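[1] Could you work out the structure for the sequence below:
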Amino acid sequence: MALQPCLLSPDVKAGTGRRFLSLFLPDWPTDYLKRRESELSTPLALYEKIKGGLQLAAIDAEAAKRGLRVGQSVADARALVPRLAIRELDRPMLENAFASFADWHSNASPLVSVLTDMTPYGDLILDITGVPHLFGGEKIMLSMMISRLRQVGYTVSGAIAPTIGAAWAVSHFVGNRVVTPKTIVTLLDSLPIPALRLGRDQIAALTQMGLLTIGQVRQRPRKPLQARFGASFLIRLDQAYGEIEERMTPRLPIVEHFVERRFHEPISQLDDVLAAARELAQKLCAALESDGLGAQTFHLFLYRVDHKVMTLSLNAARLTRDPQHIVSLFHHRAQRFEVEEFDPGFGIDMVRLAASSLDRLDVAQLGAFETENGAADIDRLTDRLTSRLGPTAVLKVELVESHIPERAARLAPAVVAETESPLSRPRPRRPLRLLPMPELVRINAEVPDGLPASMIWRRQPYRLIKGAGPERLGAEWWRKRERLQLVEEVEPEELEPGEKAKQPPYVAALPLHDPEASTRDYYLVEDTDGRRFWVFRQGFYDGDLPPAWYLHGFFP
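    Here you go, the predicted model:
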């Protein structure tokens, strides 16, 4: 099957003339459980504990036909429907499942969001600007997406409109309709007040005023409405009609360039996935080269036929559009992925390769007398090690805003997308090797404030013949009394039953920062064998206590 390059149109980037598709799944909790556990019978109801009692929180269509309703007690429901199948509602599980279900819909549009204004699951919003022509038009696209969900057992309705609010309102109260900019006002005016996604108290107050449709509300003066119902009421009204822009938050990374391949028959072998990724990488890099761009972050999306998506994302050390290098990185990552959790389910019917963190990358040509410095080879090696071992296994030194030497650097992942510019201020000369903590030494000087003449470190004497200094560094009194975070802390993940916790990154036992420490005077000294040391004196000779000397590092 031929590869399909899917580049977002200029209208999408400019943010003009946008189109949104809303999918409303009112029976998502029960439909999902019935697909997950085929032995469940209908009618089905889910309950939760509220104020010490058991109340119905979700019901399927069959239970609704028999007179059950959300909020009813479990005892009353069993009395009305003796053969009712009932389960306890697991909200976190349903929210996570719906989020995965939403990610799968990125096979239709890369911009997918879960709308949680009214319920944590059940409402999907897709930004389909510039996409419907791939399906033959908006009506065909809407019909296809609704029909494929109904075929697998979901109750669903949908709508396409110029705004998120209008698409949500039509999908909930009209269903299965394409709204054009010319018809949006007339259609919204005829809808009931709840179509504005308002709170219960706001809806009840508007109903008591005799306002039943959105059109009746729009005829009222705005200031009294704002004074009584708050600014949020007018914001919802203006968002629905497009007077105020309502932005969505995509769940998956926003990408500007991607290519994809669909399969007539689902694949399940990892080798087949990597073969498809190799073809996609060549197509994607050709598109990037034609635009004069390079990418630093790449995403491989694997869409399963059971409405789930697996994601493999990686970063490169520098901008690239080399297809062989990109494929090798995914190959190393896939080896770890296969061991950990590669599960194709009932098969993968689409693979998408996307690029983000884009920037200009012109064709480089070396001059006649120029030579390679090896930096590119080091970056490729870093990429391979990171993709094979994981992002926290390969670290680099990152500068920190601090003039105290042991706090002026920390460890960070060697491969990460550039988000901040590095420190540009000039750095003073520092040793190539710095001890984690300064070590106490004995120093003899010709005069109290003169250069050191001899040193005893770890019971070994050193005769010093040269020296330079001092460089005076004061304590950072504005910092808290805490340890330097050498590596970024990783938030603990929720483990499945029987799953082992991953080993945390290396954490050094660094000392606490002392904001009241005395001034340091640093000296660079050299002994008779040519070894050069970086020592400092903490304190002054004119105090009550003599100063202490420390060895902090070594110069080459």
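[2] use CA for all of it now, contacts and neighbours both
    Noted.
[3] so who does D362 touch?
    Counting by CA atoms under 8 Å, 6 or more residues apart in numbering, D362 makes contact with 292-293.
[4] any idea how far it is from R177?
    D362 sits at a distance of 46 Å from R177 (criterion: CA to CA, to the nearest Å).
[5] And for P344?
    34 Å.
[6] For these two, work out which one has more neighbours and name it.
    Legend: neighbour count by other CA atoms under 10 Å for P344 and R177, higher for P344 (21 against 18).
[7] Helix or strand: which one has that one?
    Of the helices and strands defined by DSSP states H and E, none includes P344.
[8] What about G130, how many residues nearby?
    18.
[9] for the stretch 201-350 of the chain, what are the low-confidence residue spans?
    Where the stretch 201-350 of the chain drops to pLDDT under 70, the residues are 335-341.
[10] In it, mark out all the strands, start to finish.
    Assigned by DSSP state E, counting those that start in this stretch, the strands in the stretch 201-350 of the chain fall at 257-267, 293-304, 309-320, 348-360.
[11] and of these, who's closest to M437?
    Judged by CA to CA, the one of those that comes nearest to M437 is strand 309-320, at 30.6 Å.
[12] Show me which residues of that closest one are buried.
    For strand 309-320, a neighbour-count test (16 or more other CA atoms under 10 Å) marks 309-310, 313-320 as buried.
[13] JSON lines for those residues, including distance to V217?
    Listed next are the buried residues of strand 309-320 as JSON lines, based on distance: CA to CA, whole Å:
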{"residue": "V309", "distance to V217": "42"}
{"residue": "M310", "distance to V217": "45"}
{"residue": "S313", "distance to V217": "48"}
{"residue": "L314", "distance to V217": "50"}
{"residue": "N315", "distance to V217": "51"}
{"residue": "A316", "distance to V217": "54"}
{"residue": "A317", "distance to V217": "56"}
{"residue": "R318", "distance to V217": "55"}
{"residue": "L319", "distance to V217": "54"}
{"residue": "T320", "distance to V217": "55"}
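[14] Can you name the two of those residues that sit furthest apart?
    It's V309 and R318 that sit farthest apart of the buried residues of strand 309-320, by CA to CA, at 27.7 Å.
[15] Who are the contact partners of P43?
    Here P43 is in contact with 59-63, 83-85 (CA under 8 Å, 6+ apart).
[16] Any regions of the stretch 1-150 of the chain where pLDDT drops low?
    For the stretch 1-150 of the chain, the ranges with pLDDT under 70 are 1-16.
[17] hang on, isn't E516 packed against G474?
    No: E516 lies out of contact with G474 (CA atoms under 8 Å); the separation is 9.7 Å.
[18] Is it correct that V394 is in contact with T382?
    Yes: here V394 lies in contact with T382, judged by CA under 8 Å, at a distance of 7.4 Å.
[19] Now the common contact residues for the two.
    Counting by CA under 8 Å, 6+ apart, the contacts common to V394 and T382 are 414-415.
[20] now F342: how far from Q269?
    F342 is 10 Å from Q269, by CA to CA.
[21] again with E482
    Counting by CA to CA - E482 and Q269 are separated by 50 Å.
[22] Same check on A58?
    38 Å.
[23] who's more crowded, the two?
    Between A58 and Q269, counted using other CA under 10 Å, A58 has the larger neighbour count: 25 against 13.
[24] Wait, a strand at that one?
    Yes: if the criterion is DSSP: H, G, I helix; E, B strand; the rest coil, then A58 is within a strand.
[25] who does the residue nearest to it when sequence neighbours are not counted bridge with?
    Distance criterion CA to CA, 6 or more residues apart in numbering; nearest residue to A58, sequence neighbours excluded, is L46 at 5.1 Å. For L46, the beta-bridge partners under DSSP bridges are A58, R87.
[26] count of neighbours near L46?
    Neighbours of L46 using other CA under 10 Å come to 21.
[27] got the contact list for it?
    30, 56-59, 86-89.
[28] Mark which of those are buried, thanks.
    Buried positions within the contacts of L46, assessed by neighbour count (16+ other CA under 10 Å), are 30, 56-59, 86-87, 89.
[29] Report the two of those residues separated the most.
    Checking the buried ones among the contacts of L46 with CA to CA, the most distant pair is T30 and L56, at 12.0 Å.
[30] Can you work out which residues contact both of those two?
    With CA under 8 Å, 6+ apart as the test, T30 and L56 both reach 45-46.
[31] who's in contact with E476?
    404, 515-516 are the contacts of E476 under CA under 8 Å, 6+ apart.
[32] Would you mind measuring from R236 to E39?
    42 Å.
[33] what about these two, which has more around it?
    Neighbours were counted for R236 and for E39 using other CA under 10 Å; R236 has more, 19 against 9.
[34] If we ignore the residues flanking it in sequence, what's nearest the more buried one?
    L196 (6.1 Å).
[35] hang on, isn't R380 packed against T320?
    No: here R380 does not reach T320: they are 10.2 Å apart, not a contact under CA under 8 Å.
[36] what's the longest helix in the protein?
    The longest helix of the chain (DSSP state H) is helix 270-290.
[37] For it, which outside residues touch it?
    3, 5, 257-261, 267, 294, 300, 321-324, 326-327, 330-331, 334, 338, 351-354.
[38] can you do 6 Å?
    321, 323, 327 (CA atoms under 6 Å, 6 or more residues apart in numbering).
[39] same thing with stretch 139-149?
    With contact meaning CA under 6 Å, 6+ apart, stretch 139-149 is reached by F135.
[40] buried stuff in that stretch?
    Applying 16+ other CA under 10 Å to stretch 139-149 flags 141-142, 145-146 as buried.
[41] Among these, which one lies nearest to T163?
    L142 (15.8 Å).
[42] How much space separates that closest one from G165?
    L142 is 17 Å from G165, by CA to CA.
[43] now do G136
    25 Å.
[44] The two: which has the busier surroundings?
    Comparing G136 with G165 by other CA under 10 Å, the one with more neighbours is G165, at 25 against 10.
[45] check contacts around the more buried one.
    A240.
[46] now do V114
    L124.
[47] Tell me where the stretch 401-550 of the chain has strands.
    409-413, 433-445, 452-457, 460-473, 520-527, 532-538, 548-555.
[48] let me redo that: the stretch 51-200 of the chain
    53-59, 85-88, 111-114, 123-127, 157-161, 177-178.
[49] neighbouring contacts of stretch 220-238?
    I244.
[50] can you do 7 Å?
    196, 202, 244 (CA atoms under 7 Å, 6 or more residues apart in numbering).
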